[in-house]
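>>> Following is a predicted model, sequence given first.
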Amino acid sequence: MSTALLVVGGCAKLHLPGRSSPAVVPGSNPLFVESKLPYHAPPFDLIRNEHYQPALEEGMRQQLAEIDVIAKLMQPPAFDNTIVAMERSGALLDRSAKAFFAVVGANTNDTLQKIQDVIAPKLAAHRDAIYLNDQLYQRVRAVYDRREAGSLSVEQRALVERYNRDFVRAGAQLSEGDKIRMRALNQELSKLGTDFSNKLLAGTKVSALVVDKRSDLDGLTDAEISTAAEAAKARGLAGKWVIPIRNTTQQPAQASLKNRAVRQRLFELSTMRTARGDSNDTKNIVKRLAELRAEKAKLLGFPTWAAYALATQGAKTPENAIRLLTDLVPPATARARREVAEMQALIDQQGGGFKLQPWDYQYYAEQVRKAKYDLDESQIMPYFELENVLQNGVFFAANKLYGLTFKERRDIPVYHPDVRVFDVYDSDGKTLALFYADFFKRDNKQGGAWMDQFVDQSALTGNKPVVFNVSNFTKPAAGQPALLTYDDVSTMFHEFGHALHGMFSNVQYPLLSGTNVPRDFVEFPSQFNENWALEPTVLANYAKHHQTGARMPQALVDKIKQTRTFNQGFEVTEVLEASLLDLAWHTLPAGTPQQDVDAFEAAALKRFNIALPEIPPRYKTTYFSHIWDGGYSAGYYAYTWSEVLDHDAYAWFKENGGLTRANGLRYRTMVLSRGGTEDAATLYRNFRGRDPKVDALLEVRGLTGGGSAPK
């Protein structure tokens, strides 16, 4: 069955019923036929807004017809006529959904949002029509029950087990009455997910900081102020300055803005973006989402949504995930309190006369860093020009480790002029994949950064991967270089780690391809790839001054490395807060009265002994898109879980010669190429030679302790 259906259908987002499809003749719709472009890349030069809905609806119709044939076959159920047949179904829906949801996330507009409103509940119903089809499930179950008796390969058995599991978790074994309720739950969840996404996008846009006086931006560089002026012009606010907010609670500009009142305004705009009681308020949505998920979990036999969501993950249970996080709380908060005391002492020395507040944290942390290490972000950024980081950093590391080379091509149509496309060549010179990069922030782009695919690798279909990365880096004013913070550099390496996971996929079946692995394993390759950003050979190759071309001085490199453990109390604490907040919402049992969002959030942080007033969660409930519409419900802990793996794996590389082709080949062969063909813990154990340990994570983070990763 198409992976787009499983991913998009599973998180399908929402509903304005009663609209009819635009009148498009199938022969004139480019989505109705397989793309003739290299790698079957989407023909965005031909695709118009009005093409998506007819293609998606016809794709659903075609797939249901294909599924009906499979379900009603007279021949006995077998791997080929049931499982493989489902894998081959839904080609039109797959390519249409992948293109549509990619553009909705990265370059949406009112028309696309209206189409999404209509199509999301239809996709949810479509998924239910397949997974709640008892006749079809009985065939799947028959193949599953005989999986050990035949001659299936390891990958084929994994595919059969995955299908049976997905059917069961979708409700295939429920009574007819419970299936009716399940369909209703999925419809409402679909609607609410899209509502949340749309409100967050709108709320984020209108919450940008607008200032009337240039002096209010004192502390920012001239280039940053020019960029703010350009952003204001783009919004029809010539003569003013605009700083759009990013998806996280804290905003980068808070580290530089000298005017405390302006820092406070920016912080409050960020934290209140969807909590003002206006049309963009998401409080009622998130409360209802938590309530519905708990009911759905109960219907499927689980005590909470977190228990349901984590049953197929590495953590296995909410208790294991919570234990990992709470074990890190004492060292993280102890470190954070020392950082707060240090900054408060600085404020007092300067005669500030106030107590450190969340909107002060970044500003005084930067001052402490400068005082301690004689280092601030403005010294670093001139050496991190985007093109250098991409070509001579990200691509260079991929060449050293895996032998990949990249060639930009301008003949592949894209969905926005900022998007770039690259051919990816393997070490033998053969084409491996197509890679799209969409780096700059736009008001019509969802916040954050992500990777996805237009085309999944599969030997069954013969398709090579078409992978894309999306980020939200600040676009420079015309004629200015795109200079990145070190956090931006890490993000670029991170998302490319996901891209490598998709590019290197070498499996037979789409459902097991690439990043179709547990949430708490999918972040492992991406976080692991961040390690190469500071690897000496790589850093020396890309950290060059954008004007002079001079390499970053070794003294500055040393300062960056010395500061790796700086501010880790804050950084670890804000992520732990968000992760525990996610689990608090999703360990509510069905029937729990709806919560007051602010009171629940405060009580949850207090319960986990991580309520630090100076450090709010990285994402507060009302704009925590990862868990409400991003597929990470009860799963944000995965970033920490995967970080244990990532640092442990990097330690193996250091123990075995570091950045070498042999090490890269081992990692590629044993982890990146395998997709979901084998248990993730087994893949890691085979690669590392043992289970992961947390020691390397604690060392890198500057925390104390040790031990083994939770089982």
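Nice, thanks for sending it over.
>>> what about the strands in the protein?
209-211, 241-243, 405-409, 420-425, 431-440, 450-455, 466-473 (DSSP state E).
>>> Give me the outermost residue of the protein relative to its centroid.
Distance to the chain centre peaks in the chain at residue 74, reaching 43.1 Å (criterion: C-alpha atoms, centre = their mean).
>>> ok, now how distant is it from residue 172?
For residue 74, the distance to residue 172 equals 22 Å [C-beta to C-beta, to the nearest Å]. No exception for glycine: its C-beta is placed from N, CA and C like everyone else's.
>>> now swap in residue 642 and tell me
For residue 642 relative to residue 172 (C-beta to C-beta), the value is 30 Å.
>>> Can you name the residues that contact the closest residue to residue 163 other than its chain neighbours?
Take residue 163 and drop its neighbours on the chain: the residue closest to it by C-beta to C-beta, 6 or more residues apart in numbering is residue 140, 5.4 Å away. The contact partners of residue 140, by C-beta atoms under 8 Å, 6 or more residues apart in numbering, come to 77, 82, 83, 160, 163, 164, 167.
>>> Would you mind measuring from the third one to residue 508?
This points to residue 83. 11 Å.
>>> higher neighbour count, the two?
residue 83 (26 against 19; other C-beta atoms under 10 Å).
>>> Which stretches in the stretch 1-150 of the chain count as helices?
Taking DSSP state H, counting those that start in this stretch as the criterion, the stretch 1-150 of the chain contains helices spanning 3-4, 10, 49-71, 85-88, 91-106, 110-131, 134-145.
>>> for the stretch 451-600 of the chain, same thing?
486-503, 519-530, 536-542, 554-562, 568-586, 597-607.
>>> Now stretch 46-56: buried residues?
By neighbour count on 16 or more other C-beta atoms under 10 Å, the buried set for stretch 46-56 is 47, 51, 52, 53, 54, 55, 56.
>>> again with stretch 384-404
In stretch 384-404, counting by 16+ other C-beta under 10 Å, buried: 384-386, 388-390, 392-404.
>>> Which pLDDT value goes with residue 19?
Residue 19 carries a pLDDT value of 30.
>>> Need the residue closest to the centroid of this protein.
Geometric middle of the chain (C-alpha atoms, centre = their mean) lands on residue 450, at 4.5 Å.
>>> What about the buried residues of stretch 384-404, which are in helices?
Judged by DSSP state H, helices contain the following of the buried residues of stretch 384-404: 386, 388, 389, 395, 396, 397, 398, 399, 400, 401, 402.
>>> between the residues you listed, which is nearest residue 554?
residue 388 (17.8 Å; C-beta to C-beta).
>>> Which residue comes closest to that closest one once chain neighbours are left out?
residue 542 (4.9 Å).
>>> Isn't residue 127 up against residue 186?
Yes. Residue 127 is within contact range of residue 186, at 7.4 Å (criterion: C-beta atoms under 8 Å).
>>> do you know how far the residue nearest to the centre of the chain is from residue 309?
In terms of C-beta to C-beta, residue 450 sits 19 Å off from residue 309.
>>> next one: residue 135
With C-beta to C-beta as the criterion, residue 135 and residue 309 are 28 Å apart.
>>> Comparing those two, which shows the higher neighbour count?
Legend: neighbour count by other C-beta under 10 Å for residue 135 and residue 309, higher for residue 309 (23 against 12).
>>> quick one: the more buried one from residue 512, how far?
In terms of C-beta to C-beta, residue 309 sits 20 Å off from residue 512.
>>> Excluding covalently adjacent residues, which one is nearest to residue 34?
Using C-beta to C-beta, 6+ apart, the nearest residue to residue 34 is residue 40, at 5.9 Å.
>>> residues touching the one you found, list them.
Counting by C-beta under 8 Å, 6+ apart, residue 40 touches 34, 95, 455, 463, 466.
>>> can you check residue 325 too?
Counting by C-beta under 8 Å, 6+ apart, residue 325 has contacts 576, 579, 580, 583, 608, 637, 640.
>>> Could you rank those by neighbour count and give me the top one?
Busiest of the contacts of residue 325 [other C-beta under 10 Å] is residue 579, holding 31 neighbours.
>>> Distance check, the closest residue to residue 550 other than its chain neighbours against residue 392.
For residue 550, ignoring the flanking residues on the chain, the nearest one in space by C-beta to C-beta, 6+ apart is residue 544 at 6.5 Å. In this view, residue 544 and residue 392 are 8 Å apart by C-beta to C-beta.
>>> For burial, what's the neighbour tally of residue 357?
13.
>>> Repeat that for residue 522.
Based on other C-beta under 10 Å, the number of other residues close to residue 522 is 22.
>>> Touching, it and residue 639? I think so.
No. Using C-beta under 8 Å, residue 522 is not in contact with residue 639; the gap is 10.2 Å.
>>> Leaving aside the residues adjacent along the chain, what's closest to residue 528?
Once flanking residues are discounted, residue 528 sits nearest to residue 646: 4.2 Å by C-beta to C-beta, 6+ apart.
>>> wait, isn't residue 369 in contact with residue 376?
Yes. Counting by C-beta under 8 Å, residue 369 touches residue 376, with 6.6 Å between them.
>>> which of those two has more neighbours?
Set residue 369 next to residue 376 and count neighbours by other C-beta under 10 Å: residue 369 wins out with 19 against 16.
>>> Could you list the single helix or strand in the chain with the lowest mean pLDDT?
One helix or strand of the chain scores below all others by mean pLDDT, DSSP states H and E: helix 10, with a mean of 29.
>>> Against residue 328, how distant is residue 334?
For residue 334 relative to residue 328 (C-beta to C-beta), the value is 11 Å.
>>> okay, these two: which has more neighbours?
Each of residue 334 and residue 328 has its neighbours counted (other C-beta under 10 Å); residue 328 has more, 23 against 14.
>>> how near is that one to residue 697?
For residue 328 relative to residue 697 (C-beta to C-beta), the value is 9 Å.
>>> go on, residue 446?
29 Å.
>>> I'd guessed residue 300 sits against residue 311; true?
No. Shown here, residue 300 and residue 311 do not form a contact pair, counting by C-beta under 8 Å, at 9.7 Å.
>>> So between those two, which is more surrounded?
residue 300 (19 against 16).
>>> show me the contacts for the more buried one.
169, 171, 174, 308.
>>> give me phi/psi at the closest residue to the first one other than its chain neighbours?
Among residues not flanking residue 169 along the chain, residue 300 sits closest, at 6.7 Å (C-beta to C-beta, 6+ apart). The phi and psi values for residue 300, taken as degrees, to the nearest 10, are phi -90, psi 10.
>>> quick one: low-confidence parts of this structure?
1-27, 704-711 (pLDDT under 70).
>>> can we see that at 50?
For the chain, applying pLDDT under 50 flags the ranges 2-24, 705-711.
>>> List the contacts of residue 208.
Listed by C-beta under 8 Å, 6+ apart, the contact set of residue 208 reads 231, 235, 242, 243, 244, 245, 269.
>>> And the buried ones among those residues, selectable in PyMOL?
Only the buried entries of those go into this PyMOL selection, using 16+ other C-beta under 10 Å:
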select buried, resi 231+242+243+244+245+269
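>>> got the contacts of residue 140 as a markdown table, with distance to residue 318 columns?
Below are those laid out as a markdown table (distance: C-beta to C-beta, whole Å):
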| residue | distance to residue 318 |
| --- | --- |
| 77 | 36 |
| 82 | 34 |
| 83 | 31 |
| 160 | 28 |
| 163 | 26 |
| 164 | 24 |
| 167 | 24 |
